[in-house]
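Participant: Any chance you can model this:
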Amino acid sequence: MLVSDMSLIPIKKVINDKKLKILKNSALGVNENDQLIDVLTNDQYTGQPLLVVAGSGEAKGLITPEILIKDLSLAYNRLTKYLESKLKENENRQLGDSSLSKLVGRSEKIKEVVRLGEKIASTDAPILLRGESGTGKELFARAVHMESSRKDGPFITVNCGAIPTNLFEGELFGYTTDSFGGMGVKGKPGMLELADSGTIFLDEVGELPPEIQVKLLQLLEHGSFLRLGSTSPMEVSVRLIAATHRDLENLVTKEQFREDLYYRLGVVAVEMPPLRKRKEDIPELVHLFLQELSQSYGKTITKVEPEVTNALLEYSWPGNIRELKNAVERLVVLAEGEVINIDCLPENLRRHTYISVVSSQDNSNLMDVTVEAERQLITKTLKQANGNRSEAARLLGIPRSTLYYKLRQLGIPAKGQRGILSNAGGDNKK
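Facilitator: You can find the predicted model right below:
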């Protein structure tokens, strides 16, 4: 059945949802050829309210055949349940792209993480993910959730470092009506209730306030907790995955983190490797990000210059995968045409590539490493300046006389000799 077969009416209820883009208070935007699905019967009226869904999947409004409906309460409840189910489908579809089999990397370190994830996914054991920021802890947690029997349940993320201490208990455990001293505040379910039958991911768990640590321990041991302002325990079935980049053992020693909670959270501990220890995965990650971001920005990238690839491999990536993705996004944005060259690299990556020191060489001492770093920096800067020593000195932030001295001291070929400057000329003076 098409919209053209029915007559349009205003929607009396406001349904506010960003994902499905419900048109509020009006059936405007509904096209005559939009398909009608999911009849919402209402026994109080002879008409049948219907949910209109366009070909793009956007829910656009309600229509009825004959009468103006004044009370859409029953239809609204049916509609809400329908939309909730659709949202859950969309969420699970997105999570499905994050399964363990799709974690990118061929390095032995990431393979070990995947193998461990496959072993523990089918259990309800608490998991403690450890590792630096940006190493993919949340991605791993989502993948474990999707491989578990709870995959049809919700996956709720809580950033423990982003919630003010005085609000934390209410946000995590919820609160009852008037639990704030008769201020007329209505009750609210906490994150744990929302995660019932699913998984809750506590990111930055090392930031948990001490009083919350006690209640979390009770949840892990008894499967229940108290809402703020309530005396009746509430039972939930939740799998808990926690993550931190902090040294929890040190926090336990300083009595800033409960030792009993530390052991309960860490039934299974997973160490997420930093990117600098799995550099063989960088080309694959770059390829993945290039595909994703090229599509987002409407660009076509056919080639990445070898110098760029070398720069990405040499950099230490303190921000890990998150920093790598940001760097690739910059490359895509700044690329002129279909080729990414070294001019697109951010300054920190360019400077780092100048100092790809061969410190891995056996028996290298500090003096040798320093000399080699200086030689590489000057050589690459000269190449960047097309052999113009005045420009190279400016880029290096040193007087031209100092650069000349360094060229002689380090044995870097001068004008007319074989090497980097042989075709470039000194200062390009005629």
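
Participant: Residue 197 contacts residue 150, doesn't it?
Facilitator: Yes - here residue 197 reaches residue 150: they are 6.6 Å apart, a contact under Cβ atoms under 8 Å. Where C-beta positions appear, they are placed from N, C-alpha and C, glycine not excepted.

Participant: Compare these two and say which is more crowded by neighbours.
Facilitator: Per other Cβ atoms under 10 Å, whichever of residue 197 and residue 150 has more neighbours is residue 150, with 20 against 13.

Participant: helix/strand/coil for that one?
Facilitator: Judged by DSSP: H, G, I helix; E, B strand; the rest coil, the three-state class of residue 150 is coil.

Participant: Tell me the bridge partners for residue 157.
Facilitator: When assigned by DSSP bridges, residue 157 has beta-bridge partners residue 201.

Participant: Neighbours of it, how many?
Facilitator: Count around residue 157 with other Cβ under 10 Å applied: 16.

Participant: One more: residue 169?
Facilitator: There are 20 residues near residue 169, going by other Cβ under 10 Å.

Participant: In contact with residue 131, which residues?
Facilitator: Going by Cβ atoms under 8 Å, 6 or more residues apart in numbering, residue 131 touches 137, 243, 245, 271-274.

Participant: Go through the residues you listed and name the one nearest residue 390.
Facilitator: residue 274 (40.5 Å; Cβ to Cβ).

Participant: picking up where we left off before, make JSON lines from the contacts of residue 131 and add secondary structure, neighbour count and pLDDT to it.
Facilitator: Converted to JSON lines, the contacts of residue 131 look like this (DSSP: H, G, I helix; E, B strand; the rest coil; neighbours: other Cβ atoms under 10 Å; pLDDT from 0 to 100):
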{"residue": "137", "secondary structure": "helix", "neighbour count": "23", "pLDDT": "95"}
{"residue": "243", "secondary structure": "strand", "neighbour count": "27", "pLDDT": "97"}
{"residue": "245", "secondary structure": "coil", "neighbour count": "16", "pLDDT": "93"}
{"residue": "271", "secondary structure": "strand", "neighbour count": "14", "pLDDT": "96"}
{"residue": "272", "secondary structure": "coil", "neighbour count": "21", "pLDDT": "96"}
{"residue": "273", "secondary structure": "coil", "neighbour count": "20", "pLDDT": "95"}
{"residue": "274", "secondary structure": "coil", "neighbour count": "19", "pLDDT": "94"}
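
Participant: Can you add distance to residue 112 and give those back as TSV?
Facilitator: Below are the contacts of residue 131 laid out as TSV (distance: Cβ to Cβ, whole Å):
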residue	distance to residue 112
137	15
243	18
245	19
271	9
272	11
273	8
274	14
